[in-house]
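**Q** Quick one, what's the 3D model for this:
(2 chains)
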Protein chains: 2
Amino acid sequence: MHTADPFLFQLFFIFVWAKLFGEVFERLRLPAVLGEILAGVLVGPFGFRLVVPDEAIYAIAEIGAIFLLFTVGLETNPKELISVGVTSLWVALAGIALPFLLGFGYMMARHDSVHEAVFVAAAMVATSVGITARVLGDMHVLQTLPARIILGAAVCDDILGMIVRGVFMGLVSTTGTAWAQVILTSIEAIGFAVVMMFCAPRVVRRMEPGLERMSTQDAPLIIAIAICLGLSYAAVKIGMAAIIGAFFAGLAFAEYSPRWNLRRRAFAINEFLAPFFFFSMGARLNLAVFDRRLIISAIVISALALLSKLVGCGLPVLRSGWKTALKVGAGMTPRGEVGLIVALVGLQMNIISQSAYALVIFMTGATTLVAPPIMRVLFREDVPHEEPFVERRRTLRSPSTDC
Amino acid sequence: MHTADPFLFQLFFIFVWAKLFGEVFERLRLPAVLGEILAGVLVGPFGFRLVVPDEAIYAIAEIGAIFLLFTVGLETNPKELISVGVTSLWVALAGIALPFLLGFGYMMARHDSVHEAVFVAAAMVATSVGITARVLGDMHVLQTLPARIILGAAVCDDILGMIVRGVFMGLVSTTGTAWAQVILTSIEAIGFAVVMMFCAPRVVRRMEPGLERMSTQDAPLIIAIAICLGLSYAAVKIGMAAIIGAFFAGLAFAEYSPRWNLRRRAFAINEFLAPFFFFSMGARLNLAVFDRRLIISAIVISALALLSKLVGCGLPVLRSGWKTALKVGAGMTPRGEVGLIVALVGLQMNIISQSAYALVIFMTGATTLVAPPIMRVLFREDVPHEEPFVERRRTLRSPSTDC
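**A** Numbers count the residues shown, from 1 in each chain, chains lettered A, B, ... in the order given. Predicted structure coming up:
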């Protein structure tokens, strides 16, 4: 039987400690996510060893990752994508291809294993639009052309990136690397994505009257959670990661999310679970692996991650002027939680080493830190003048901004 | 490292299976909670052994119990209590004393240990107003005098019952039973309750401007969760159960719950976690312990639980007529989740045996099953006539009824 005492203490301590660092980072205008990871690094098993999370905490962190990707999916409305047009598609495609190739090439040049190279490269593909959207929202520039391109491209990036990750994780987890396997896994991943994007929303639409007739209260939320857990398990079963199933489950409900108030409630669940995920990410990071060689590699990888998004995402919009290109590139740079989760999956599958894991965390941290100030400088010219500064400040801090 | 596969499967299976039974029970107009417990009994380790929940599932169930009691606390607004007056106080007091004495006496007569007798009696004290409130709400009779007395008394019952449970759990968990110990634990429990009821809401009121200025989004929810986890841990530390801390944490936020939209979001977290709790309750129930003697005891205990609330809660309102007395008594009868959690704590502390645990589950199930039909018959005369049946039906099934 579970002994309540240390588990309850860990639950309380980790939650408060992580949120505290998140709040301090927010006040310093740094991404809260990085604060929560640092919280784990400091007191975790590789830090001061104040908290050595037990198995149950890691299990909760795992559910946290699933709900995190589920809400990313919920926010990815494929309909928005169509309205922004092909520019966003090109931005996303180039923003996937270039980081992947550069990352993979550099890792191979470092004589890492193919598996590690694939995982680090797959983490470099990620774009976490959450941080970008928040910076742009706080500046009231979400209606500008570059902002709309970024948001559309982020949707493409999420979906295409998730397929790419699905394929590679599937490949890496199987023993064979024959072409037949590559083709099979690709078909699985693409099939999964297509079914979830085009068939699932229709199924949800069909379910709607039935759901609203169900006796159980909160039926839509319950069905959404059930499908999220089911697809996470299904994704693992066909050789992909659970988070990919969770993302596509969110995508299937994206259309009905506002009507059923799913987003707000999924956020409440997240608010509780996510700190355990980010803290665990930090607790798993061994700072001792950072020798001179790894630090150089980490800086190179981070620079490549920044440049590849700036160039890859900037080039397709260069005809709108270099400033627009830079804005779009900077907006697509933060890797955020998606990059982290990819690294974690690699670590859990025993495919990547502690040092490759450290590389990804460093790269994610660096890109997520660097992008917001660059964006603030670039977008300053677009800030509407009638908006007084005090008002903006208030919006930034109001708890209702995100819900 | 956690192997994702069986854990994810359990997560998915338990959630869907429990919710399925909940839905079927709702359609049969039976309490969903009992369906979720039955789901656990059937496929759990003592049933068909399809799912043997691992440690992490029990940990999630434990958090589920904490959030369950936190939301019970959130719904217990002490201000409502004052408006209903002393009648409710007497109803609650008699509804605590009589079940406790009858339960304790019967268990001692059965030659059970004092600890077991205390735990079974403490579970008999519980009143789960959730089920009653739903039945009365569906019938549109919440504004009648007996309904208002029930809701007021349930608030008193929650608070006083929680103090009683705190004292007894504290006593049982310590080795000494000297009077000094009794007095010390009582002072601790009552002190805890008084601080949480009178000081904590003031602290929350003081925190309010600070909370709304915090950079972290959703600050009120985060602070509420942090305090809930902190008090749960504190309660364990001073020798009470975690759930008692969680309940009083909810109570401290009850006043601000509507304003900060806490209830709805705590409910969303509950919606995910609670099925694991109820399923685990069922999975821990060994039906094989029900021999002839235990079945007779279970029926006697259930009858005592019903009668003691009917008489105990009915007597103080007898001057308003025997029908009002019966209505109040029946409304206070369902034990629901509060009784269950007490039994679980006893099992976890290795204080009560499998058979005493089975007795409590049987008693909770029986009182929760029997009360709603009795209430429907008794309150039929109060149903407003202008309300068409179809309309009531719709309200019953609307997902928004409870939020």
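**Q** out of all of them, which helix in chain A is the longest?
**A** As assigned by DSSP state H, the longest helix anywhere in chain A is helix A:145-173.
**Q** In contact with the spatially most central residue of chain A, which residues?
**A** Nearest to the geometric centre of chain A sits A:Val338, at 2.2 Å (Cα atoms, centre = their mean). A:Val338 makes contact with A:69, A:72, A:126-128, A:158, A:161, according to Cβ atoms under 8 Å, 6 or more residues apart in numbering or on different chains. The way it works is simple: take the backbone N, C-alpha and C, and place the C-beta from them, glycine included.
**Q** re the thing from before, so which elements touch the longest helix of chain A?
**A** helix A:78-84, helix A:86-109, helix A:114-125, helix A:129-138, helix A:179-194, helix A:242-253, helix A:322-331, helix A:336-348 (3 or more Cβ pairs under 8 Å, 6 or more residues apart in numbering or on different chains; DSSP states H and E).
**Q** Let's see that with 6 Å instead.
**A** Applying 3 or more Cβ pairs under 6 Å, 6 or more residues apart in numbering or on different chains; DSSP states H and E, one finds that helix A:145-173 contacts helix A:78-84, helix A:86-109, helix A:114-125, helix A:179-194, helix A:242-253, helix A:322-331.
**Q** thinking again about what came up before, the residue nearest to the centre of chain A and chain B, how far apart?
**A** Distance, A:Val338 to chain B, by Cβ to the nearest Cβ, to the nearest Å: 18 Å.
**Q** Need the per-residue pLDDT for that residue.
**A** According to the prediction, A:Val338 has pLDDT 78.
**Q** picking that back up, which parts of the longest helix of chain A are buried?
**A** Along helix A:145-173, these residues count as buried under the neighbour rule (16 or more other Cβ atoms under 10 Å in any protein chain shown): A:145-173.
**Q** picking that back up, so which of the helices and strands packed on helix A:145-173 is the most packed in?
**A** helix A:242-253 (a mean of 29; mean count of other Cβ atoms under 10 Å in any protein chain shown).
**Q** Other residues contacting it?
**A** With contacts defined as Cβ atoms under 6 Å, 6 or more residues apart in numbering or on different chains, helix A:242-253 is touched by A:65-66, A:69-70, A:72-74, A:76, A:162, A:166, A:196, A:200-201, A:204, A:224, A:227-228, A:231-232, A:234-236, A:262, A:341, B:4, B:8.
**Q** Isn't A:Leu98 up against A:Ser308?
**A** Yes - applying Cβ atoms under 6 Å, one finds A:Leu98 in contact with A:Ser308, separated by 4.3 Å.
**Q** what does the stretch 201-350 of chain A put close to chain B?
**A** A:215-219, A:221-222, A:225-226, A:229-230, A:232-233, A:236, A:242, A:265, A:268-269, A:271-272, A:348 (Cβ under 6 Å from any Cβ of the partner chain).
**Q** Mind doing that once more with 7 Å?
**A** Counting by Cβ under 7 Å from any Cβ of the partner chain, the stretch 201-350 of chain A comes close to chain B at A:213-222, A:225-226, A:229-230, A:232-233, A:236, A:242, A:265, A:268-269, A:271-272, A:348.
**Q** Buried only: go through the residues you listed for me.
**A** A:214-222, A:225-226, A:229-230, A:232-233, A:236, A:242, A:265, A:268-269, A:271-272, A:348.
**Q** mind checking how far the residue lying closest to A:Cys228 once chain neighbours are set aside is from A:Ala242?
**A** Sequence neighbours aside, A:Ala249 is the residue nearest to A:Cys228 in space, at 4.1 Å (criterion: Cβ to Cβ, 6 or more residues apart in numbering or on different chains). Noted for A:Ala249: a distance of 10 Å to A:Ala242, by Cβ to Cβ, to the nearest Å.
**Q** do the same with A:Tyr256
**A** 23 Å.
**Q** so what's A:Ala241 up against?
**A** Shown in contact with A:Ala241 (Cβ atoms under 7 Å, 6 or more residues apart in numbering or on different chains): A:169, A:235, A:345.
**Q** Could I get the contacting residues of A:Tyr106?
**A** A:Tyr106 makes contacts with A:300-301, A:304, as judged by Cβ under 7 Å, 6+ apart.
**Q** Quick check: helices, which of those residues are part of them?
**A** Those of the contacts of A:Tyr106 lying in helices (DSSP H): A:300-301, A:304.
**Q** Selecting buried members of those residues in PyMOL, what would you type?
**A** A single PyMOL command is used to select the members of the ones in helices among the contacts of A:Tyr106 judged buried by 16+ other Cβ under 10 Å:
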select buried, chain A and resi 300+301+304
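**Q** Nearest to chain B, out of the ones in helices among the contacts of A:Tyr106: which one, please.
**A** A:Ile301 (24.6 Å; Cβ to the nearest Cβ).
**Q** which element is the residue lying closest to A:Val289 once chain neighbours are set aside on?
**A** Of all residues not flanking A:Val289 in the chain, A:Ser355 sits nearest, at 4.6 Å (Cβ to Cβ, 6+ apart). Element membership for A:Ser355 (DSSP states H and E) is helix A:354-379.
**Q** In terms of secondary structure, what does that helix contact?
**A** Counting contacts by 3 or more Cβ pairs under 7 Å, 6 or more residues apart in numbering or on different chains; DSSP states H and E, helix A:354-379 packs against helix A:32-43, helix A:114-125, helix A:129-138, helix A:292-314, helix A:322-331, helix A:336-348.
**Q** for it, which positions count as buried?
**A** Within helix A:354-379, the residues that qualify as buried are A:355-372, A:374-376, A:378-379, counting by 16+ other Cβ under 10 Å.
**Q** sorry, back to before: which among the helices and strands packed on helix A:145-173 is found nearest to A:Val16?
**A** Closest approach to A:Val16 among the helices and strands packed on helix A:145-173 is made by helix A:242-253 (26.1 Å; Cβ to Cβ).
**Q** residues contacting A:Ile150?
**A** A:132, A:328, A:331-332.
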